[in-house]
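Trainee: after the sequence you'll find the predicted model.
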Amino acid sequence: MERNYGHILNIKVTGTSMGRVLAIIRGKILRHEKFFIVTPNPEIVLQAQTDKKLTKILNSATLSLPDGIGLVQAAKFLTLKSPENIIFRTIVLIGQGLLVGLATFINKKWLFKEISPIKGRQVFVELVRLANKKAWRIFLLGGQNSQAEGAAKFLTQNYKKVAIKFASGPVLTKEAIPVNSDELAKENEVVRQINSFSPQLLFVGFGAPKQEKWLYGWLKRLDIGGGMVVGGAFDYVSGKAHLPPKLFEKAGLEWAWRLLREPRRIIRILKATVVFPFTVFLYKLKLKPVKKT
């Protein structure tokens, strides 16, 4: 599967297969071409609507992988044709939204034709496996509660050929700036550690949008093959967070699983499952349809 590109609320997403992702990264590292990977989800795309810097970063990434069914649904919805008349247009868009939602359960082949979801946590694991085969070096950065350390311990036990180092890194503001002079010193030290280790792969898990801004801001000054933001992947790998059952994952209902396990996430889940689809609907409603020639 070759790379396809779509735009969701003016954010670029890359549609491709896992195998193609690994081939691209392997080639980049062999050719010493620095890269960075982002994994936007509905919540991050919404954040980018009011954050021009985040928009620029997401759109300049080597790969911008749609992390979750929500972005794929939006991409499909936006490609469907609609009439010019605003009344008919509104009715048609409602029908298209219902069609896309229904396809999530009964026709994923049609839904995933242009762009398929690729979980960031799965890409992380597959890249670690690739690094193990190639005997590469990887660096895990982020998490204030030993997430990187926990993930590093698990990976070290299960992958013997890959060299792994980790650090929690500095406490950052939303703009990825250290919150005080002590944290600035931590940042300088962790950059020194990364450059001394010179890993082929750097995984950054500060949480969005800090991780995207930090990696983008430092990328040119880091002696690495490339970097990827990983969100909560360290927690999944170390076992601190539980993966959703396959039934929920296949049905595109991971949000329901998270809500059942962590009701405190309800605001974030509502943004992804209610605010985001409504925003996409309004965006398409305002778009001027392309006239037939």
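Mentor: Everything's here; your move.
Trainee: and the protein, what are its domains?
Mentor: Split into domains by automatic domain parsing, the chain comes to 4-67+118-238, 69-116+243-286.
Trainee: in a markdown table: those domains, plus mean pLDDT and mean neighbour count.
Mentor: Backbone N, C-alpha and C define where each C-beta goes, glycine included. A markdown table is the format used below for the domains of the chain (pLDDT from 0 to 100; neighbours: other Cβ atoms under 10 Å):
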| stretch | mean pLDDT | mean neighbour count |
| --- | --- | --- |
| domain 4-67+118-238 | 94 | 19 |
| domain 69-116+243-286 | 90 | 16 |
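Trainee: got phi/psi on the closest residue to Lys160 other than its chain neighbours?
Mentor: Nearest residue to Lys160, sequence neighbours excluded (Cβ to Cβ, 6 or more residues apart in numbering): Asn132, at 7.4 Å. Per-residue torsions, Asn132: phi -70, psi -40 (degrees, to the nearest 10).
Trainee: check His7 too.
Mentor: phi -130, psi 130.
Trainee: and it, bridged to which residues?
Mentor: Lys12 (DSSP bridges).
Trainee: you'd agree it is up against Thr14?
Mentor: No: taking contacts as Cβ atoms under 8 Å, His7 lies outside contact range of Thr14: 11.0 Å.
Trainee: can you tell me how far Val45 is from Asp67?
Mentor: 10 Å (Cβ to Cβ, to the nearest Å).
Trainee: cool, Phe36 as well?
Mentor: Applying Cβ to Cβ, the value for Phe36 to Asp67 is 15 Å.
Trainee: ok, now Arg258?
Mentor: 13 Å.
Trainee: show me where the stretch 1-150 of the chain has its strands.
Mentor: Ranges of strands within the stretch 1-150 of the chain are 4-8, 11-15, 35-38, 63-64, 137-141, based on DSSP state E, counting those that start in this stretch.
Trainee: dump those strands to JSON lines, plus distance to Ala241.
Mentor: Listed next are the strands of the stretch 1-150 of the chain as JSON lines, based on distance: least, Cβ to Cβ, whole Å:
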{"stretch": "strand 4-8", "distance to Ala241": "26"}
{"stretch": "strand 11-15", "distance to Ala241": "24"}
{"stretch": "strand 35-38", "distance to Ala241": "20"}
{"stretch": "strand 63-64", "distance to Ala241": "23"}
{"stretch": "strand 137-141", "distance to Ala241": "15"}
